[in-house]
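Student: Provided below are the primary sequence and the corresponding predicted coordinates.
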Amino acid sequence: MILSNPLRQQTALRASLPSICTQCLYNPKSQRRRLHRVPQLAHDETFAEKGVGSMLGPESYITAWRDYEGYLVDRLNRLTADTKDFTRPTKEILLEYARSPTHASLFNHASMAWNNHSFFSTLTPTPTSLSPYLIARLSASFSSVDSFRATFLATANAMFGPGFVWLVRRTNHNTSAADTPELAILTTYLAGSPLPRAHYRRQEQDMNTALQAGAFGPRSGRDPKIAPGGALIEPMLCVNTWQHVWLHDYGFGGKREYLERWWDCIDWEIVERNAQFDAVNRGPNQNFSKFNLKVGRY
């Protein structure tokens, strides 16, 4: 059941915890002087003032997005100073060093920054509805939207440790292969990346969530840039399960409530755009030209 009551007040335990003074690294003036910057979210000012719908309060949003993304970007600028990577997009950096143990810190900060942005970029203060086209695609892979929702939230809730849960699209999907759904659920832990070319980096697995409905089978096709066993996929949507995102508003036992509230804050129009479905198959009434503001060089 989706909960609709307002965000709970802080418990006495959380209220009594001492505040940790940390430097806020989200400084628009200083960010302009560096290549790696905190991306500007479409609803940033609204989220900072009012919070993210019923999911996160303003303080939690500022901590999980502005402060934390600012910290990651600051570290990227320090790690890439006076190198060729200083002028490279975050995505290119994480792909470049996914197979380099000696650059683990650089990969982790770039990958985490990209993942965190993927999470916040699909949030909206105004609930949106799934289009008939997206409902049909989800139903074809998960039997129904309700089944997808239940599986996705259960997978995220079962993760014992921080990471991300993704909805991804197999871009080389064979419609005749009934046992390999087009859309699937993928889990990554810590700063692990869902991007196919980053799958060379070994990622930890929680066996409670490794075999969920809609999971990928063996890879088909050949691509020298894809790791053995990898799949050609396009991330569409993700939820952040790191405790610093939800712990302040929900407490140690509130992860499930956080996930249910997150579902009501998803911008499904952006999710569908991220899938990069064939425009010809959408039909004449599915115009997504206004969503061409891609993540870009970040």
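Tutor: On my side now, so go ahead. In this text, all values refer to a predicted model and were calculated from it rather than measured experimentally.
Student: Straight-line length of stretch 56-75, end to end?
Tutor: Start and end residues of stretch 56-75 are separated by 25 Å (Cα to Cα, to the nearest Å).
Student: just checking, Ser111 touches Ala198?
Tutor: Yes. If you go by Cβ atoms under 8 Å, Ser111 and Ala198 touch, sitting 7.0 Å apart. Any C-beta I mention is one placed from the backbone N, CA and C, and that applies to glycine too.
Student: which of those two has more neighbours?
Tutor: Comparing Ser111 with Ala198 by other Cβ atoms under 10 Å, the one with more neighbours is Ser111, at 27 against 24.
Student: which SS state does that one fall under?
Tutor: Three-state call for Ser111 (DSSP: H, G, I helix; E, B strand; the rest coil): helix.
Student: Please report how far the nearest residue to Ala198 once chain neighbours are set aside lies from Ala110.
Tutor: Leaving aside its chain neighbours, Ala198 sits nearest to Ala98 (3.9 Å; criterion: Cβ to Cβ, 6 or more residues apart in numbering). Ala98 sits at a distance of 10 Å from Ala110 (criterion: Cβ to Cβ, to the nearest Å).
Student: More neighbours: those two, which one.
Tutor: Neighbours per residue (other Cβ under 10 Å) separate Ala98 from Ala110, with Ala110 holding more: 33 against 20.
Student: Do I have it right that Trp65 meets Asn116?
Tutor: Yes. Using Cβ under 8 Å, Trp65 is in contact with Asn116, at 7.4 Å.
Student: Show me which of the two is the more surrounded one.
Tutor: A direct count of neighbours by other Cβ under 10 Å for Trp65 and Asn116 places Trp65 higher, at 26 against 23.
Student: Please list all residues in contact with the more buried one.
Tutor: Leu41, Asp44, Phe47, Asn116, Phe120 (Cβ atoms under 8 Å, 6 or more residues apart in numbering).
Student: TSV for these, including secondary structure and distance to Gly57?
Tutor: Shown next, in TSV, are these (DSSP: H, G, I helix; E, B strand; the rest coil; distance: Cβ to Cβ, whole Å):
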residue	secondary structure	distance to Gly57
Leu41	coil	16
Asp44	helix	15
Phe47	helix	10
Asn116	helix	18
Phe120	helix	15
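Student: List just the nearest of those residues to Val73.
Tutor: Nearest to Val73 among the contacts of Trp65 is Asn116, at 10.2 Å by Cβ to Cβ.
Student: what about that closest one, distance to Ala191?
Tutor: For Asn116, the distance to Ala191 equals 10 Å [Cβ to Cβ].
Student: Phi first, then psi, for Leu195.
Tutor: Dihedral pair for Leu195: phi -70, psi 130, per degrees, to the nearest 10.
Student: What of Pro39?
Tutor: With angles defined as degrees, to the nearest 10, Pro39 sits at phi -60, psi 150.
Student: so how far is the first residue of stretch 113-131 from its last?
Tutor: Its start and end residues considered, stretch 113-131 measures 29 Å (Cα to Cα).
Student: ugh, typo on my part, it should be stretch 152-171
Tutor: Taking Cα to Cα as the measure, stretch 152-171 stretches 20 Å from start to finish.
Student: can you map out the strands along the chain?
Tutor: 163-170, 183-189, 233-240 (DSSP state E).
Student: got those as a markdown table, with mean pLDDT, distance to Gly253 and mean neighbour count columns?
Tutor: Converted to a markdown table, the strands of the chain look like this (pLDDT from 0 to 100; distance: least, Cβ to Cβ, whole Å; neighbours: other Cβ atoms under 10 Å):
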| stretch | mean pLDDT | distance to Gly253 | mean neighbour count |
| --- | --- | --- | --- |
| strand 163-170 | 96 | 19 | 24 |
| strand 183-189 | 95 | 21 | 22 |
| strand 233-240 | 96 | 18 | 22 |
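Student: so which of the ones you listed gets nearest Leu72?
Tutor: Taking the strands of the chain one by one with Cβ to Cβ, strand 233-240 is closest: 12.9 Å.
Student: Which residues belonging to stretch 237-250 are considered buried?
Tutor: Residues of stretch 237-250 classed as buried by neighbour count (16 or more other Cβ atoms under 10 Å): Leu237, Cys238, Val239, Asn240, Thr241, Trp242, Val245, Trp246, Leu247, His248, Asp249, Tyr250.
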